[in-house]
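Student: got a predicted structure here, sequence first:
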Amino acid sequence: MSTNEINQERENQKANWSLESDDAMTLPEWAALIAHYATRRMFGNLKAVDVATFRADMVKVGALSKARIESIDRKGGASV
């Protein structure tokens, strides 16, 4: 089920942003975006983090990681 959710989130991202914008992002920008979604719930009382909300963020992290991998592959392995 999670793979399907990641793929659906990736399709949603493609509908909102172009592949060209993905390819224009730098490695530090990708890292910052992924880190944002991976950690944005990790402040204050960590025991109070809503699991469903955190899970939704992890789906976004998976889709963003997939987007970056796709971008690297489109560029023939170039990292910029």
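Tutor: That came in fine, so what should we check first? Remember, predicted model here, so these are calculated numbers, not experimental data.
Student: host element of the closest residue in space to Lys75 that isn't next to it in sequence?
Tutor: Nearest residue to Lys75, sequence neighbours excluded (Cβ to Cβ, 6 or more residues apart in numbering): Asp23, at 6.5 Å. From N, CA and C alone the C-beta is placed, and that goes for glycine too. For Asp23, the host element (DSSP states H and E) is helix 19-24.
Student: and that helix, what does it pack onto?
Tutor: For helix 19-24, the packing partners by 3 or more Cβ pairs under 8 Å, 6 or more residues apart in numbering; DSSP states H and E come out as helix 51-74.
Student: so who does the residue nearest the centre of the chain touch?
Tutor: Closest to where the C-alpha atoms of the chain average out (Cα atoms, centre = their mean) is Leu64, at 2.1 Å. Contacts for Leu64 (Cβ atoms under 8 Å, 6 or more residues apart in numbering) come out as 13, 30, 33-34, 37.
Student: quick one: pLDDT of Leu27?
Tutor: Leu27 is assigned 92 on the pLDDT scale.
Student: go on, Ser79?
Tutor: At Ser79, pLDDT is 60.
Student: so which bits of stretch 21-35 are buried?
Tutor: Residues of stretch 21-35 classed as buried: 22, 25, 30, 33-34 (neighbour count, 16 or more other Cβ atoms under 10 Å).
Student: mind checking how far that stretch is from the chain centre?
Tutor: Stretch 21-35 has its C-alpha centroid displaced from the chain centroid by 9 Å (Cα atoms, centre = their mean, to the nearest Å).
Student: just say helix, strand or coil for Glu9.
Tutor: helix (DSSP: H, G, I helix; E, B strand; the rest coil).
Student: quick check: closest non-adjacent residue to it.
Tutor: Ala63 (3.8 Å).
Student: one more: Lys66?
Tutor: Per Cβ to Cβ, 6+ apart, closest to Lys66 is Arg10, 5.3 Å.
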